[in-house]
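Undergrad: let's see this in three dimensions:
(chains A, B, C and D)
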Number of protein chains: 2
Amino acid sequence: MKSTKKSGKAAGIREIANALGTSIGTVDRALHGRSGVSARTKARVLRMAEQLGYKPNIAARSLKLNRSLRIAAVLPREIAAFFDPLRQGIQAAADEVAGLQFTLDFIEYPRLGSGDLAALESAATKKYDGILFTPGRPRELAAVFRRIVAQGTPMLCVASDAPDSGRIAAVTVDAYTSGALAAELLSHKLQTPSRVATITGELATFDHAEKLRGFAAGLAMLAPHLTLLPVVESHESPEDAYRQSMALLKAKTRPDAVYISTANSLPVLRALEELKLLGRVQVITTDLYPELIPLLESGKVLATLYQRPEAQGKTAFETLIGHLMDKDKPVKTHRFAPHIILRSNLPLFASRLANPAAGLDIR
Amino acid sequence: MKSTKKSGKAAGIREIANALGTSIGTVDRALHGRSGVSARTKARVLRMAEQLGYKPNIAARSLKLNRSLRIAAVLPREIAAFFDPLRQGIQAAADEVAGLQFTLDFIEYPRLGSGDLAALESAATKKYDGILFTPGRPRELAAVFRRIVAQGTPMLCVASDAPDSGRIAAVTVDAYTSGALAAELLSHKLQTPSRVATITGELATFDHAEKLRGFAAGLAMLAPHLTLLPVVESHESPEDAYRQSMALLKAKTRPDAVYISTANSLPVLRALEELKLLGRVQVITTDLYPELIPLLESGKVLATLYQRPEAQGKTAFETLIGHLMDKDKPVKTHRFAPHIILRSNLPLFASRLANPAAGLDIR
DNA sequence: TTAATGCGCGGGTACGTTAACGACGATACT
DNA sequence: AGTATCGTCGTTAACGTACCCGCGCATTAA
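TA: Here you go, the predicted structure:
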């Protein structure tokens, strides 16, 4: 049995002050690189601070400078099954933060690609200390993005990424892996040559394009006997998705399996249901919402790839706060592994869906 | 675009004091249920606090009462592939805590069931404010457990549970689900009547027993064509596991698939290798370590059920700290969903294993 | 020589909360 | 009636840090 210690006793600014026979004011100036202290005493202070292992008391600091960080989460209302829990995750992380006062504003807009620009602009004028954002169409947002970053407001992408936008980091599921997993799961189930289709969201969205890449690559590597039909791009609107699904499923080259890579899968499932194809066509969906539960239980949907919105939200918020509290600490981009939800592990996720009042559990 | 506000301006103890025309001392007594305040004024204070939305300034609090919480993590050294990252997760959570001073001691012992009792006893004498612990054999530990709890030290179980032990909560994977998933995955792969075996750890350990229950139930429900051979119980020691595996695999009723429900799977895999059975016998393992990576890549191991030790460690620490900071806030027992690692998503987990210096990512 | 300027530094205050201490009235007891 | 006790409440000193004020000294200008 061995015991490893860590984080010894306190070493305050006062200790180093009268270890040097100086005043705490001088120590403060030296430690914070303020003017009004000679180079010599500054060096002495710094050396003594190092020697004594000075660790600032963050409680005292944040009490004194009563700055309350203002951070904004600019997120769409649709698709609620994904973005509501994402917001909950952010809120949960905010509630957990100890020793720091801040305000958290949720700014909402209808859906990805519709109103996001305006919402972001409005957040920009409010001079937040940090912004969480889901980039729907990175190209169109690039200008606003760079302006906000230039004005000194750190931005953090969540749920999708916008590379080269100046964002300090991104928190997403690894979309490529998500697609590849869908392919692998289908390859287990479909042993004979078959046609598979994908229904995706806006391909301008980085994550949707990545999922498709992963899916195609996965098919090529693991299932050469499966051929990929031309991709169906639905534009995040339920009606649109329904019409396109009907067209796809009524075509003469009807697919034997479909991979729905957007949380917006309900219209597609409705189309499958109406054409009596549920159970005959293998389906892999994305995310989880109540209507999906019986379909997974009965095996009509093979699996769903859960993007863990609460976990993303929580991590995103923590990452942003971490950056704001210590600017020169490197921030990390997080790529989550999606959860594969099958029949066996469905109850674990479904119970949480059914009873959100039980408090959410970040898995 | 709508904007929802939350967490407005500060509402301190002083505000509610002179809103009531009383003193801050009275408010403090009322809010903290201390003696020396009449029931009437106490009620008035509480109501006003509610009305003004009083939120204590934890920075000021932890500055004033300069208590540094002492918490201990009593964990085995073996199996390192699991418990090292568990410790890292705890450490990571500790590093993230802002505005609170505390000490974290890691107390180690050889392995589950060997030295844990002594380690726990030693931790008990040190009067920690909280203890994280993995209960290997709950029955034998029950007495010590209750003594520690009675002496007022909150205990939190991590990685396995000890029901009815007085622990404030547990953070584990849902072991039953883990077993059921193994069964479901095997049922996908084995279409014809086959024999499956399980190699587990100490069955006195709650989690191992649960996994077995889940596995058996999963087989019964999803794969009636698979018959379960008598369970092999290895006692957390590599040599033991190797000998038992050899015996199992040389028997005339050799299994067509094995589910290894302990992180201690390397000896079993060695036995399989030596008997040239890798690739011919379907294997599902638990947890992830470097030697497993090529086996998953080549398909010789079908899948591994990753118990996410870092995530467990982080959550366990956060839960314990949360309880210590606010005693009457209810603490929640967390049941994680294990990650199913297949070929497609392996790189996501493997990269982290290969490069722990990159900082760990809690997925 | 004296006044003005500037640099280096000491001292003091405030941040919101906790807890010790003391004040004050009411009641009980000698 | 005087004293002791108790319940209720007000006052105040810290906790460690950030920041402002102003003092002393040296240097320079008048």
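
Undergrad: which residue packs closest to residue A:11, ignoring adjacent ones?
TA: residue A:52 (4.5 Å; C-beta to C-beta, 6 or more residues apart in numbering or on different chains). In this view, the C-beta of every residue, glycine as well, is placed from N, C-alpha and C.

Undergrad: what's the answer for residue A:157, then?
TA: Per C-beta to C-beta, 6+ apart, closest to residue A:157 is residue A:170, 4.0 Å.

Undergrad: residue A:75 versus the one you found, what's the distance?
TA: 14 Å (C-beta to C-beta, to the nearest Å).

Undergrad: can you check residue A:151 too?
TA: On the measure of C-beta to C-beta, residue A:151 and residue A:75 end up 21 Å apart.

Undergrad: near chain B at all, stretch A:329-339?
TA: Yes. Counting by C-beta under 8 Å from any C-beta of the partner chain, chain B is contacted by stretch A:329-339 at A:332, A:334-339.

Undergrad: next, the closest residue to residue A:344 other than its chain neighbours: secondary structure please.
TA: Setting aside the residues directly before and after it, residue A:344 is nearest to residue B:180 in space (C-beta to C-beta, 6+ apart), at 3.8 Å. The local conformation at residue B:180, judged by DSSP: H, G, I helix; E, B strand; the rest coil, is helix.

Undergrad: can you give me the end-to-end span of stretch A:326-336?
TA: Using C-alpha to C-alpha, to the nearest Å, one end of stretch A:326-336 lies 24 Å from the other.

Undergrad: again, but for stretch A:153-165
TA: 13 Å.

Undergrad: what residues of it count as buried?
TA: A:153-162, A:165 (16 or more other C-beta atoms under 10 Å in any protein chain shown).

Undergrad: that stretch - what's its average pLDDT?
TA: For stretch A:153-165, mean pLDDT is 92.

Undergrad: and the residue nearest to residue A:157, how far from residue A:89?
TA: For residue A:170, the distance to residue A:89 - C-beta to C-beta - is 15 Å.

Undergrad: so which elements touch the helix or strand harbouring residue A:132?
TA: Here residue A:132 sits within strand A:130-133, counting by DSSP states H and E. With contacts taken as 3 or more C-beta pairs under 8 Å, 6 or more residues apart in numbering or on different chains; DSSP states H and E, strand A:130-133 sits against strand A:69-76, helix A:116-125, strand A:155-158, helix A:309-325.

Undergrad: let's see 7 Å
TA: The helices and strands touching strand A:130-133, judged by 3 or more C-beta pairs under 7 Å, 6 or more residues apart in numbering or on different chains; DSSP states H and E, are strand A:69-76, strand A:155-158, helix A:309-325.

Undergrad: show me what the next helix-or-strand element following that strand is in contact with.
TA: Later in the chain than strand A:130-133, the nearest helix or strand by DSSP H and E is helix A:138-150. Identification of contacts with helix A:138-150 by C-beta atoms under 7 Å, 6 or more residues apart in numbering or on different chains yields A:117, A:120-121, A:124, A:131, A:135, A:155, A:162, A:165-166, A:204, A:206.

Undergrad: how long is stretch A:189-201 from one end to the other?
TA: Using C-alpha to C-alpha, first and last residues of stretch A:189-201 are 25 Å apart.

Undergrad: now it, how far from the centre of its chain.
TA: In terms of C-alpha atoms, centre = their mean, to the nearest Å, the gap separating the centre of stretch A:189-201 from the centre of its chain is 28 Å.

Undergrad: buried stuff in it?
TA: Across stretch A:189-201, burial judged by 16+ other C-beta under 10 Å covers A:190, A:194, A:196-201.

Undergrad: what does stretch A:111-124 give?
TA: Under 16+ other C-beta under 10 Å, the buried positions of stretch A:111-124 are A:111-113, A:115-117, A:119-120, A:123-124.

Undergrad: that stretch close to chain B?
TA: Yes. Contact of stretch A:111-124 with chain B (C-beta under 7 Å from any C-beta of the partner chain) involves A:115, A:118-119, A:122.

Undergrad: for the residues you listed, give me JSON lines that also has pLDDT.
TA: What follows is the residues of stretch A:111-124 next to chain B, written out as JSON lines (pLDDT from 0 to 100):
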{"residue": "A:115", "pLDDT": "90"}
{"residue": "A:118", "pLDDT": "93"}
{"residue": "A:119", "pLDDT": "95"}
{"residue": "A:122", "pLDDT": "93"}
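
Undergrad: just give me the closest of those residues to residue B:81.
TA: Taking C-beta to C-beta as the measure, residue B:81 lies nearest residue A:119 of the residues of stretch A:111-124 next to chain B, at 45.8 Å.

Undergrad: how about that closest one: what's its closest non-neighbour residue?
TA: That would be residue A:109: by C-beta to C-beta, 6+ apart, it lies 4.1 Å from residue A:119.

Undergrad: hang on, the one you found packs against residue A:121?
TA: No. Counting by C-beta atoms under 7 Å, residue A:109 sits too far from residue A:121 to count as a contact (10.8 Å).

Undergrad: looking at this, residue A:41 is in a strand?
TA: No. With three-state DSSP as the criterion, residue A:41 is located in helix rather than a strand.

Undergrad: that older thread, show me the two of the buried residues of stretch A:111-124 that sit farthest apart.
TA: Between all members of these, the farthest pair (by C-beta to C-beta) comes out as A:111 and A:124, at 20.1 Å.

Undergrad: how close does the residue in chain A positioned nearest to DNA strand C get to residue A:270?
TA: Among the residues of chain A, residue A:25 lies closest to DNA strand C, at 2.8 Å counting by C-beta to the nearest atom of the strand. Relative to residue A:270, residue A:25 is positioned 71 Å away (C-beta to C-beta).

Undergrad: which one's more surrounded, the two?
TA: The neighbour comparison of residue A:25 against residue A:270 (other C-beta atoms under 10 Å in any protein chain shown) goes to residue A:270, with 17 against 13.

Undergrad: is the more buried one in a helix, a strand, or coil?
TA: Under three-state DSSP, residue A:270 comes out as helix.

Undergrad: quick one: name the residues of the stretch 51-200 of chain A near DNA strand C.
TA: Contacts of the stretch 51-200 of chain A with DNA strand C, taken as C-beta under 7 Å from any atom of the strand, map to A:60, A:63-64, A:66.

Undergrad: kindly recompute the last result at 10 Å.
TA: Taking C-beta under 10 Å from any atom of the strand as the contact definition, the stretch 51-200 of chain A meets DNA strand C at A:59-66, A:101.
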